[in-house]
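J.: okay, here's the prediction I keep looking at, along with the sequence it came from:
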Amino acid sequence: MGIKKVKPITGARRGANYDDFADLTTDKGYKPLMRARKKNSGRNNQGKITIRHRGGGAKQNVRMIDFKRDKFDIPAVVATIEYDPIRGARVALLNYIDGEKRYIVAPNNLKKGDKIVSSKEQIEYKPGNAMPLKFLQAGVPVCNIELEVGMGGKVARGAGNLVYVMGIEGKYAQVKMPSSEIRLIKKECLCTIGSVSNPDKRLIKIGNAGRKRHMGIRPTVRGSAMNPVDHPHGGGEGNQSIGLKRPKTPWGKPALGVKTRKGGKFSDKLIIKRRKKKK
């Protein structure tokens, strides 16, 4: 992908840039594997808002992604590289030799016409191939990693993400996560060789409010701009500090930098080194 700038005819367009979609091979998807995205505007089954600032947005047809990669030892050819509106990464449509078609999250440098395969045995280190972690050498970048065998990929699925295999010891593989955390994952878990496509996604600048509305994200108001009845940070004449020891949510809970991970989780024993703290 490339980053495209436009003429700065307004203040908003001066600060914005756009994806040029040069890496896509088609602007049409495979309809049997596409679904219209159902929207609930951040509400639960009782109609109560559980996620604020959601609603509206453009209609979206999303691709049904195969995260399990469970068609073993059946070669597939990459038919298209496509855009998926609900993810930053590109998706690839695979044509298997038995006639089935499936979408996967495309690794970086995967091209139309490439031949890839998923296997439980050791195969070539090639972007798009999938195999268990136990067959990988230290330093190999991978993505779309399972946390439990057969569960389907859960880790490193976002645009540009990758995980490094550090080594294999006993029943587990040591991997370095995108957060710099080092943890253990069962060595029989499948992974995809390579990093996730579209690493330039992080360079996109939205630039104006209208693009956010197209994404289904409504305006967010600062707590300090509210009244005291509406937010703990509210009140005062003119610009004020929040007047509290630490930031809070609208419901009075500590916010911004507070640890939310529960103590004593079952996976604590699988974490060798915690992620770096933000300065």
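T.: Yes, it's here.
J.: how about low-confidence regions in this protein?
T.: Residues of the chain meeting the criterion pLDDT under 70: 1, 277-279.
J.: how about the helices in it?
T.: 11-15, 209-214 (DSSP state H).
J.: which parts of the last one are buried?
T.: By that I understand helix 209-214. By 16 or more other CB atoms under 10 Å, the buried positions in helix 209-214 come out as residue 212. C-beta: built from backbone N, CA, C; applies to glycine.
J.: swap in stretch 84-100?
T.: Buried residues in stretch 84-100, counted by 16+ other CB under 10 Å: 84, 87-95.
J.: again with stretch 6-25
T.: 16, 18-19, 23.
J.: any chance of JSON lines for these, columns distance to residue 202?
T.: Converted to JSON lines, these look like this (distance: CB to CB, whole Å):
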{"residue": "16", "distance to residue 202": "15"}
{"residue": "18", "distance to residue 202": "14"}
{"residue": "19", "distance to residue 202": "12"}
{"residue": "23", "distance to residue 202": "16"}
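J.: report the contact partners of the most centrally placed residue in the chain.
T.: Most central in the chain under CA atoms, centre = their mean is residue 158, positioned 2.8 Å from the mean C-alpha point. Contact analysis of residue 158 by CB atoms under 8 Å, 6 or more residues apart in numbering lists 87-89, 196.
J.: from the residues you listed, which is closest to residue 153?
T.: The shortest approach to residue 153 among those belongs to residue 196, at 10.3 Å (CB to CB).
J.: state the distance from that closest one to residue 146.
T.: 15 Å (CB to CB, to the nearest Å).
J.: and for residue 204?
T.: Per CB to CB, residue 204 is found 29 Å from residue 146.
J.: neighbour count: these two, which is higher?
T.: Comparing residue 204 with residue 146 by other CB atoms under 10 Å, the one with more neighbours is residue 146, at 23 against 18.
J.: for that one, list each beta-bridge partner.
T.: Note on residue 146: beta-bridge partners by DSSP bridges are residue 153.
J.: ok, it - contacts?
T.: Each residue near residue 146 by CB under 8 Å, 6+ apart is listed here: 152-155, 185, 189-191.
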